[in-house]
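Participant: when you get a sec, could you give me coordinates for this:
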Amino acid sequence: MKGLYRRLAVLYGISALLVMLIFALSFYLRGQEENKQYLYQLLESVDHNLDEATEAYEAAIRRLTREYAAHAREAAYILEEEGRADRAGLEKLRELMGVGAVSLLDKAGVTVLSTEEALEGTCGDQTLPEELWGNGQEKRTAVRVDEPDFWDRPAYFYAAAPMEAENFAAVRIDGDMSRLDLTSGAERVRAVLKQATTEYSTSIFAAGKARGLIIGITENNSQEIQIRGVSPGEPMIAFMEDLPQGELVVLNINGASQSAVVRERQDMYLAAFRDMRQVAADIGTSLAISFLAVAAVCGVTLGILRYFLQKYFLDYFEGLGEGILGILQGKERRKEQESAIPELRPLEEMIRKLERGYVDKAEGMDRMEGELSEARNQAEFDGLTGLYNRKGFERRAEQFFRQPEARGVLLLMDLDNFKQVNDREGHPEGDRLLIRFARCLSGFFSGEDLAGRLGGDEFMVLLRDFVSYEALEEKLRCFYGELRRSLGESPGKHPVSVSIGAVAEEGGLRDYQALYRQADTALYIAKYLGKDRYYINREKISCMRRECVRCRENCPRSRILEEREVKPGGVHLYCYTGAGAGTGSGRTDPKTAERDPRGGDPGG
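Facilitator: The predicted structure is shown next:
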């Protein structure tokens with residue numbers, strides 16, 4: 001019996017060893033692939049950051065070009081109006097514009113008067129006059145920026161504009177290079193690598209193609225890169241060109257074996273490398289964990305196998321042998337020996353029955369859970385838009401306002417002219433419009449805010465944080481801008497706008513129903529004022545009468561009903577705050593209170 005166990009253990013051990021060898025190979029290959037992907041992702045991140053840095057630098061050049069071209073035209077206009085110029089006047093003009101130097105040029109491109117003596121006598125660009133005057137009729141403004149070597153900063157930046165003066169043909173505005181902060185390509189690369197986040201055992205460096213020198217290295221690593229057998233200059237360029245791009249290679253860097261990945265850019269090579277000892281340690285740790293897991297599984301399996309062999313086979317045959325020996329000896333055979341093996345079939349059948357019963361119960365519970373979840377969704381969510389319905393929204397809003405010192409804003413929204421969409425385009429088109437508006441709500445407001453559809457084309461949003469009325473107005477203007485982009489794709493077909501009534505709970509009332517009435521009043525005022533606008537109910541008005549009965553001595557709503565102003569000429573947004581700036585008029589000055597949500601003139 002022990003010999004059988006030993007043979008099974010040896011067989012199982014050999015099988016486990018083969019499994020371990022397969023695991024070791026698979027873990028090694030997997031570790032190499034993961035290491036390659038990790039290094040390649042680091043390079044992709046740095047490459048993307050370099051592109052962004054280059055785009056930012058080019059955007060700064062474009063901005064400076066526009067700014068200095070405007071300065072040059074302004075200086076030309078000022079000097080033409082004065083009809084004369086001297087060094088003191090140019091110096092004053094330079095100080096007003098905050099530039100490096102102001103110079104006057106003749107038609108030959110020679111500087112005859114400048115705030116900087118170093119600029120006098122030369123223009124720095126002999127092609128400047130031709131560009132200034134173009135074909136002899138059209139006047140132009142010329143802008144020049146130095147394009148130095150990759151390692152150097154720009155030496156100059158200036159703009160020149162033509163003039164109609166007796167003694168001068170053009171004015172030149174030079175930038176103060178110490179203030180413009182125009183960096184070299186190498187400085188931008190170093191800045192990007194300085195911001196890159198790597199492990200201590202992982203480094204990234206950039207090598208220039210032109211000179212074969214190291215441009216920069218990530219900050220938290222050694223600032224020296226020495227590749228065995230490769231020196232700076234042409235050998236470095238040739239070495240980097242021969243490396244396979246995007247593939248994992250092993251290099252000897254700084255006296256240690258490193259797994260590296262190289263990525264080529266237009267003017268440099270990016271390389272990320274990681275210490276092979278760290279890679280080996282990671283693989284070794286994974287192998288050790290897997291070995292312990294396999295050993296534990298093997299031990300448990302051997303124990304279970306021994307138990308079942310002993311119980312269902314060895315004991316049975318041992319009892320069977322004893323029974324046969326007893327018969328031969330004339331003893332009566334034990335009846336329990338005859339049913340040792342046949343009992344397995346009823347046991348298996350019983351297990352199957354239990355399994356079927358468990359499966360049926362589990363499926364029934366899953367169905368019940370699905371039905372309960374669907375019932376909860378139907379009870380609290382709108383089936384068309386996926387937002388909270390009235391019941392779900394009001395329950396959560398009431399819970400929020402019951403909290404101590406709850407501060408929030410209720411926004412009641414109504415789609416203007418929505419009935420026309422249903423009448424002209426049909427209810428399916430109206431449903432699609434509601435879905436688009438609901439997606440706009442979900443996308444604009446944060447996840448902590450509540451958004452719901454109260455019914456029809458009426459929606460409500462609860463902002464769970466109230467900071468200030470200025471911030472609220474800015475948020476509503478941004479929301480209207482988002483609405484223009486979301487719902488304004490075919491305005492002729494869907495002439496739908498949105499009116500909003502807003503009321504803020506500042507930690508005093510904490511009564512949802514009262515706030516709802518106040519928001520409804522604000523919505524009524526917004527629609528009464530011409531729709532496609534919002535109204536913030538600062539005075540907490542809850543009156544909905546069409547005719548004012550003067551129930552309050554100082555009621556902004558009554559003044560709005562009397563002083564309604566609607567400007568013609570298209571769809572505009574008027575932002576009413578509901579309280580005058582110390583005037584008690586119930587509305588701010590239209591020049592400041594009525595403005596487009598995108599920040600422009602309401603008439604634009």
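
Participant: other SSEs contacting the host helix or strand of residue 172?
Facilitator: When elements are assigned from DSSP states H and E, residue 172 belongs to strand 170-174. Other helices and strands packing on strand 170-174, by 3 or more CB pairs under 8 Å, 6 or more residues apart in numbering; DSSP states H and E, are helix 2-82, strand 101-105, helix 128-133, strand 157-162. In short, each C-beta sits where N, CA and C put it, glycine included.

Participant: packing partners of the helix or strand just after the shortest one?
Facilitator: Put plainly, it is strand 101-105. With elements assigned by DSSP H and E, the helix or strand that comes after strand 101-105 is strand 111-114. Counting contacts by 3+ CB pairs under 8 Å, 6+ apart, strand 111-114 is packed against helix 87-97, strand 101-105.

Participant: right, and residue 64 touches residue 154 too?
Facilitator: No: between residue 64 and residue 154 there is no contact under CB atoms under 8 Å: 10.4 Å.

Participant: find residues that contact each of the two.
Facilitator: residue 145 (CB atoms under 8 Å, 6 or more residues apart in numbering).

Participant: ranges for the helices of the stretch 151-300 of the chain?
Facilitator: Using DSSP state H, counting those that start in this stretch, the helices of the stretch 151-300 of the chain run over 177-180, 185-195, 234-242, 276-309.

Participant: same check, this time on the stretch 351-500 of the chain
Facilitator: So, for the stretch 351-500 of the chain - with DSSP H, counting those that start in this stretch - the helices run 390-401, 418-425, 427-444, 469-487.

Participant: ranking the helices and strands packed on strand 111-114 by burial, who's on top?
Facilitator: strand 101-105 (a mean of 25; mean count of other CB atoms under 10 Å).

Participant: so how far is it from its chain's centroid?
Facilitator: 47 Å (CA atoms, centre = their mean, to the nearest Å).

Participant: strand partners of that strand, parallel vs antiparallel please.
Facilitator: strand 111-114 (antiparallel), strand 170-174 (antiparallel) (DSSP bridges).

Participant: weakest of those by average pLDDT?
Facilitator: Across the strands paired with strand 101-105, strand 111-114 has the smallest mean pLDDT, namely a mean of 87.

Participant: can you pull the buried residues of that one?
Facilitator: With burial defined by 16 or more other CB atoms under 10 Å, the residues of strand 111-114 counted as buried are 111, 113-114.

Participant: again, but for stretch 442-453
Facilitator: Quick answer for stretch 442-453 (16+ other CB under 10 Å): 444-445, 449-453.

Participant: ditto for stretch 261-280
Facilitator: 261-263, 268-276, 278-279.

Participant: what number of residues lie near residue 499?
Facilitator: Neighbours of residue 499 under the rule other CB atoms under 10 Å: 23.

Participant: now residue 206: how far from residue 50?
Facilitator: 8 Å (CB to CB, to the nearest Å).

Participant: tell me the pLDDT of residue 46.
Facilitator: Value listed for residue 46 in the pLDDT field: 88.

Participant: pretty sure it contacts residue 195?
Facilitator: No: if you go by CB under 8 Å, residue 46 and residue 195 don't touch, sitting 9.2 Å apart.

Participant: who has more neighbours, those two?
Facilitator: Counted by other CB under 10 Å, residue 46 and residue 195 do not tie: residue 46 has more neighbours, with 23 against 12.

Participant: the more buried one and residue 232: what is the separation?
Facilitator: Distance from residue 46 to residue 232, by CB to CB: 21 Å.

Participant: and for residue 393?
Facilitator: 68 Å.

Participant: how near is residue 180 to residue 100?
Facilitator: 8 Å.

Participant: now do residue 447
Facilitator: Distance from residue 447 to residue 100, by CB to CB: 50 Å.

Participant: residue 192 now?
Facilitator: Taking CB to CB, one finds residue 192 at 28 Å from residue 100.

Participant: which one's more surrounded, these two?
Facilitator: Using other CB under 10 Å as the criterion, residue 192 and residue 100 rank with residue 192 on top: 23 against 20.
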